[in-house]
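Peer 1: prediction below, plus the sequence it came from.
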Amino acid sequence: MYIIEADNITKKFNDLTVFEDLNIGVKKGEVLVVIGPSGSGKSTFLRCLNNLETIDGGEITVEGEKLNPKDKKVLRNLRTKMGMVFQNFNLFPHMTALENVMEGPITVKKENKEQVKKRAEMLLNKVGLGEKMNHYPSKLSGGQKQRVAIARALAMEPDIMLFDEPTSALDPELVGEVLNVMKDLAKEGMTMLVVTHEMSFARDVADRVIFMDGGKIVEEATPDCIFTNPKEIRTKEFLKKVI
Ligand SMILES: Nc1ncnc2c1ncn2[C@@H]1O[C@H](COP(=O)(O)OP(=O)(O)OP(=O)(O)O)[C@@H](O)[C@H]1O
Ligand SMILES: [Mg+2]
């Protein structure tokens with residue numbers, strides 16, 4: 001039973017075809033990690049799933065509901081089902097950490113402010129930022145900003161979390177604190193689709209790993225198989241470069 005189904009999807013930018021007839025499904029509670037070289041279409045794929053890009057062919061279904069870019073209600077639903085964390089945090093600079101986390105539930109879901117505040121405080125505590133709630137993003141480290149971004153996505157109470165290279169803009173010593181928050185989420189059973197170059201995270205946390213190259217799935221396997229015994233030459237060559 002798939003919670004996300006990308007069925008034969010095609011995405012083009014003018015005459016560049018990023019992928020064609022791509023099929024990827026994510027199961028409920030699964031941690032699916034996507035790896036692959038730069039330009040292989042990983043970010044574009046994630047962005048299609050939550051309608052930041054529109055597909056040129058095929059079908060995307062999230063929790064049984066077909067994504068229709070023309071249907072505002074479906075799109076609003078989608079925003080509440082799926083949280084996304086980007087490489088560059090994308091926090092609102094004029095809002096404190098707490099305000100950033102509270103924004104979505106109040107403006108999109110029209111929830112009660114006091115309740116949202118309680119949940120936002122709980123989430124910021126959970127990601128280890130209880131002390132920094134009233135700080136503006138400019139006063140936070142990269143790792144702290146990214147943890148606020150995760151809390152902000154979780155505040156919408158999503159069923160699925162998408163991560164696009166959440167640690168690649170961070171100094172090496174800050175990577176671990178973000179990965180630990182993601183590991184905890186995985187342990188709690190969150191469905192996660194993670195694009196990352198952190199192979200040790202993929203090895204420890206993924207249920208399944210997809211290696212993508214040139215818009216195609218080259219290989220798909222358990223982390224054990226793909227890291228110790230990759231079948232395809234392209235996978236082997238890629239892993240040799242990154243590990
Ligand atoms: N908005 C856009 N307009 C035109 N071309 C784009 C756009 N976004 C991405 N592309 C192109 O689509 C292809 C796939 O890009 P994408 O960002 O999905 O790759 P990626 O696998 O995420 O790479 P990286 O590991 O560097 O993040 C690339 O050739 C890129 O130049
Ligand atoms: Mg990318």
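Peer 2: It's in. Numbers count the residues shown, from 1 in each chain. Ligands and ions are numbered 1, 2, ... in the order given.

Peer 1: can you list the residues of the protein near ligand 1?
Peer 2: Counting by C-beta under 6 Å from any ligand atom, the residues of the chain lying close to ligand 1 are 13, 16, 18, 36, 38-44. Bear in mind the C-beta positions are built from the backbone N, C-alpha and C, glycine included.

Peer 1: what packs against the lengthiest helix in the chain?
Peer 2: Counting by DSSP state H, the longest helix found in the chain is helix 172-187. With contacts taken as 3 or more C-beta pairs under 8 Å, 6 or more residues apart in numbering; DSSP states H and E, helix 172-187 sits against helix 142-155, strand 191-195, helix 199-205.

Peer 1: tell me which strands the very next helix or strand once past the last one pairs with, and in which orientation.
Peer 2: Which is helix 199-205. Counting by DSSP states H and E, the element after helix 199-205 in chain order, helix or strand, is strand 208-213. Using DSSP bridges, the strands paired with strand 208-213 are strand 31-35 (parallel), strand 216-221 (antiparallel).

Peer 1: can you show me the CA trace of strand 208-213 as CSV?
Peer 2: Only the C-alpha atoms of strand 208-213 are listed here, as CSV (Å, rounded to 0.1, in the frame of the first residue of the first chain):
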residue,chain,number,x,y,z
ARG,A,208,15.1,1.4,0.8
VAL,A,209,17.5,3.3,-1.4
ILE,A,210,17.0,4.5,-4.9
PHE,A,211,20.0,5.4,-7.0
MET,A,212,18.9,7.9,-9.7
ASP,A,213,21.0,9.0,-12.7
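
Peer 1: what about it, distance to the chain center?
Peer 2: Strand 208-213 sits 15 Å away from the centroid of its parent chain (C-alpha atoms, centre = their mean, to the nearest Å).

Peer 1: quick one, helices of the protein?
Peer 2: Under DSSP H, the chain gives helices at 42-49, 72-81, 97-107, 113-126, 142-155, 172-187, 199-205, 223-228, 233-242.

Peer 1: with mean neighbour count added, can I get the strands paired with strand 208-213 in JSON lines?
Peer 2: Shown next, in JSON lines, are the strands paired with strand 208-213 (neighbours: other C-beta atoms under 10 Å):
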{"stretch": "strand 31-35", "mean neighbour count": "25"}
{"stretch": "strand 216-221", "mean neighbour count": "17"}
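
Peer 1: out of these, nearest to residue 240?
Peer 2: Smallest distance to residue 240 across these (C-beta to C-beta): 13.0 Å, for strand 31-35.

Peer 1: next, the angle from that closest one to helix 233-242.
Peer 2: Relative orientation of strand 31-35 versus helix 233-242 (axes from the mean of the first three to the mean of the last three C-alpha atoms, to 10 degrees): 90 degrees.

Peer 1: need the residues that contact strand 31-35.
Peer 2: Strand 31-35 is contacted by residues 24, 26, 42, 45, 186, 191-197, 199, 201-202, 205-212, 223, 238, 242 when judged by C-beta atoms under 8 Å, 6 or more residues apart in numbering.

Peer 1: buried among the residues you listed? Need that as a selection in ChimeraX.
Peer 2: In ChimeraX, this line selects whichever of the contacts of strand 31-35 come out buried by 16 or more other C-beta atoms under 10 Å:
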select :24,26,42,45,186,191,192,193,194,195,196,199,201,202,205,206,208,209,210,211,212,223,238
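
Peer 1: rewinding a little: and of the helices and strands packed on helix 172-187, who's closest to residue 6?
Peer 2: Using C-beta to C-beta, the helices and strands packed on helix 172-187 put strand 191-195 closest to residue 6, at 10.4 Å.
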